[in-house]
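Undergrad: sequence plus the predicted model coming up.
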Amino acid sequence: MNKPKKNVREAALDVLEAIDKHQSYSNLLLNQVIKKYQITGPDTGLLTEIVYGTIQRKMTLDYYLQPFIKKKPEHWVRILLRLSLYQMIYLDKVPDRAIIFEAVEIAKKRGHRGIVGLVNGILRSVQREGLQSLDSIKDPVEKLSLETSHPLWLVKRWVNQYGFENAKAMCEENLLAPVQTIRINETKTNREEVCRLLEIEGFSVEASPIIPESIRILKGNAANSDLFKKGYFSIQDESSMTVAYALEISSNMTVLDACAAPGGKTGHIAELLNGSGKVTSLDLHPHKIKLIKENASRLGLENIDEKVMDSRHARDSFQSESFDRILVDAPCSGLGVLRRKPDIKYTKTDQDIQSLKKVQLRILDETASLLKKGGLLVYSTCTVDLEENFGTAAEFLEQHKDFEPHALALPEALSHLVDGDSNTIQIFPQDFGGDGFFISCFRKKLL
Ligand SMILES: C[S@@+](CC[C@H](N)C(=O)[O-])C[C@H]1O[C@@H](n2cnc3c(N)ncnc32)[C@H](O)[C@@H]1O
């Protein structure tokens with residue numbers, strides 16, 4: 001194995017600095033740095049854990065560091081302190097003295113002697129004196145915010161919307177690493193076969209108790225399996241897989257996926273159509289349309305038609321009433337995927353929610369006329385927010401008297417999460433370990 005071109009902690013510092021500076025997504029930057037510095041094997045896991053863990057716990061780490069910091073340090077020094085403290089508190093595998101040694105070496109490379117002394121001094125003081133307790137914070141909401149590193153406005157909002165216990169369970173779940181899940185491409189193979197082949201390859205797997213065509217990967221990264229390259233499966237979260245169920249797909253249907261990239265749900269719908277019908281997949285960004293094409297070709301799906309298009313102007317390109325099903329898996333605040341993209345929690349604001357709601361309603365409004373009478377329109381998001389989700393769904397119905405709520409069709413294992421014949425579901429990350437997701441279904445009236 002080649003030696004990586006950069007030490008893992010230094011690489012972690014680079015990624016964390018770039019995320020803060022350029023507001024870039026952690027997953028994209030991490031992948032770039034792994035490639036650039038040729039980081040492989042267990043080092044990839046360690047780098048990922050340090051980067052994600054430090055972001056996930058940023059507010060808690062700052063709370064612990066605060067009594068030891070007398071003067072505001074340079075930005076990179078604060079990040080170095082955070083990532084070192086993260087390892088000291090949450091990573092058992094490396095002794096504190098090794099973590100401090102590494103931090104000091106990085107400080108020597110990057111800064112002057114004063115900074116080296118500062119980093120060494122602060123980390124040694126933490127080691128000697130221990131961490132200030134969170135128990136001195138009397139307000140339970142403020143304590144939850146600091147304990148789980150979720151901004152106060154967000155915790156307050158969730159407590160108001162869902163109650164303290166639900167908000168707490170969600171914040172705690174958001175700190176856990178998600179289990180990787182895959183969706184079997186049933187046009188090529190079946191779940192038993194893929195389970196068997198993955199186990200031969202050395203993966204540890206179990207059949208999903210939630211989705212009949214899904215497998216949970218308990219050990220290993222399924223993206224590295226040959227079966228992935230052969231198109232036997234896609235990597236997709238279980239909550240995300242439930243969306244295609246709500247569309248009630250059957251053979252020969254024409255389906256519009258109005259916000260389709262990178263194509264997770266497009267692929268699922270095309271598989272359910274099993275070679276018949278057609279999925280028309282739109283996305284605003286050409287580079288993202290490329291991802292849908294690559295996925296379709298890997299999965300061997302020929303019933304997908306990808307187009308770069310702003311769905312807010314879809315009526316210019318399609319005749320009215322030309323689709324049996326429409327999916328609007330809308331651009332959203334993403335508060336249901338904080339385990340995968342923890343940086344979102346520090347950058348999103350309640351103003352973002354307001355403007356996203358407008359875009360979502362605009363796309364729903366534009367595409368509604370493209371649906372055939374009797375057809376189903378599904379609006380979904382990967383967020384947990386009452387106003388954004390239920391608010392948009394309610395406003396859509398209010399403005400479109402030709403639509404009515406349609407009882408959600410879901411995998412059997414999720415029926416207990418829906419009230420009677422409700423047309424909506426809010427999946428919380430703590431429900432079964434899937435992403436937070438909202439799904440709602442409307443039917444266009446026949447008359
Ligand atoms: C939540 S993601 C969709 C995920 C996708 N359905 C999947 O399952 O892989 C939302 C997508 O909407 C796209 N988007 C945002 N605004 C759009 C618009 N006005 N028209 C079309 N696509 C848009 C974004 O580029 C993004 O890829």
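TA: Arrived safely.
Undergrad: switch to C-alpha atoms for all contacts and neighbour counts from now on
TA: Will do.
Undergrad: tell me the contacts of the nearest residue to residue 115 once chain neighbours are set aside?
TA: Nearest residue to residue 115, sequence neighbours excluded (CA to CA, 6 or more residues apart in numbering): residue 107, at 6.5 Å. Residues in contact with residue 107 (CA atoms under 8 Å, 6 or more residues apart in numbering) are 77, 115-116, 119.
Undergrad: next structured bit after whichever strand or helix holds residue 107?
TA: Using DSSP states H and E, the secondary-structure element containing residue 107 is helix 96-110. Per DSSP H and E, the first helix or strand lying C-terminal to helix 96-110 is helix 113-129.
Undergrad: tell me the mean pLDDT over the helix or strand just after that next one?
TA: Next in sequence after helix 113-129, counting helices and strands by DSSP H and E, comes helix 140-148. For helix 140-148, mean pLDDT is 98.
Undergrad: then stretch 346-362?
TA: Stretch 346-362 comes out at a mean pLDDT of 96.
Undergrad: what residues sit buried inside that stretch?
TA: Within stretch 346-362, the residues scored as buried using 16 or more other CA atoms under 10 Å are 346, 353, 356-357, 359-362.
Undergrad: can you check stretch 246-255 too?
TA: 246-247, 249, 253-255.
Undergrad: before we move on, what about stretch 330-340?
TA: Within stretch 330-340, judged by 16+ other CA under 10 Å, the buried ones are 330-340.
Undergrad: who touches that stretch?
TA: By CA under 8 Å, 6+ apart, stretch 330-340 touches 27, 56, 173-178, 259, 344-345, 348, 352-353, 356-357, 359-360, 379-385, 428-429, 435-437.
Undergrad: same question, stretch 279-293
TA: For stretch 279-293, the external contacting residues (CA under 8 Å, 6+ apart) are 254-263, 266, 269-270, 303-311.
Undergrad: what's the strand or helix carrying residue 156 in contact with?
TA: Element membership of residue 156, judged by DSSP H and E, is helix 152-162. With CA under 8 Å, 6+ apart as the test, helix 152-162 has contacts from 141-142, 144-145, 164-167, 385-386.
Undergrad: please repeat the previous calculation with a cut-off of 6 Å.
TA: 145, 167 (CA atoms under 6 Å, 6 or more residues apart in numbering).
Undergrad: quick check: mean pLDDT of that helix?
TA: Helix 152-162 comes out at a mean pLDDT of 98.
Undergrad: need the buried residues of stretch 346-362 in JSON lines with distance to residue 236 and secondary structure, can you?
TA: Below are the buried residues of stretch 346-362 laid out as JSON lines (distance: CA to CA, whole Å; DSSP: H, G, I helix; E, B strand; the rest coil):
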{"residue": "346", "distance to residue 236": "25", "secondary structure": "helix"}
{"residue": "353", "distance to residue 236": "25", "secondary structure": "helix"}
{"residue": "356", "distance to residue 236": "24", "secondary structure": "helix"}
{"residue": "357", "distance to residue 236": "25", "secondary structure": "helix"}
{"residue": "359", "distance to residue 236": "25", "secondary structure": "helix"}
{"residue": "360", "distance to residue 236": "23", "secondary structure": "helix"}
{"residue": "361", "distance to residue 236": "26", "secondary structure": "helix"}
{"residue": "362", "distance to residue 236": "27", "secondary structure": "helix"}
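Undergrad: how many degrees apart are whichever strand or helix holds residue 15 and helix 96-110 in direction?
TA: Assigned by DSSP H and E, residue 15 falls within helix 8-22. Between helix 8-22 and helix 96-110, the angle comes out at 60 degrees (axes from the mean of the first three to the mean of the last three CA atoms, to 10 degrees).
Undergrad: ok now helix 8-22, how far from the chain's centre?
TA: In this view, helix 8-22 has its centroid 20 Å away from the chain centroid, taken as CA atoms, centre = their mean, to the nearest Å.
Undergrad: likewise for stretch 240-255?
TA: The chain centre lies 22 Å from the centre of stretch 240-255; the measure is CA atoms, centre = their mean.
Undergrad: does that stretch come close to the ligand?
TA: No. Stretch 240-255 stays clear of the ligand (CA under 6 Å from any ligand atom), getting no nearer than 6.9 Å.
Undergrad: secondary structure element holding the residue lying closest to residue 44 once chain neighbours are set aside?
TA: Using CA to CA, 6+ apart and skipping residues adjacent in sequence, the residue nearest residue 44 is residue 34, 7.0 Å away. Element membership for residue 34, per DSSP H and E: helix 26-36.
Undergrad: re the thing from before, please tell me how far the residue nearest to residue 115 sits from the ligand.
TA: Distance, residue 107 to the ligand, by CA to the nearest ligand atom, to the nearest Å: 39 Å.
Undergrad: over to residue 24?
TA: Distance from residue 24 to the ligand, counting by CA to the nearest ligand atom: 15 Å.
Undergrad: ok, that residue to residue 344 distance?
TA: In this view, residue 24 and residue 344 are 10 Å apart by CA to CA, to the nearest Å.
Undergrad: looking at those two, which is more packed in?
TA: Set side by side, residue 24 and residue 344 show more neighbours around residue 344, with 20 against 15, by other CA atoms under 10 Å.
Undergrad: what's the neighbour count on the residue nearest to residue 44?
TA: Counted with other CA under 10 Å, residue 34 comes out at 22.
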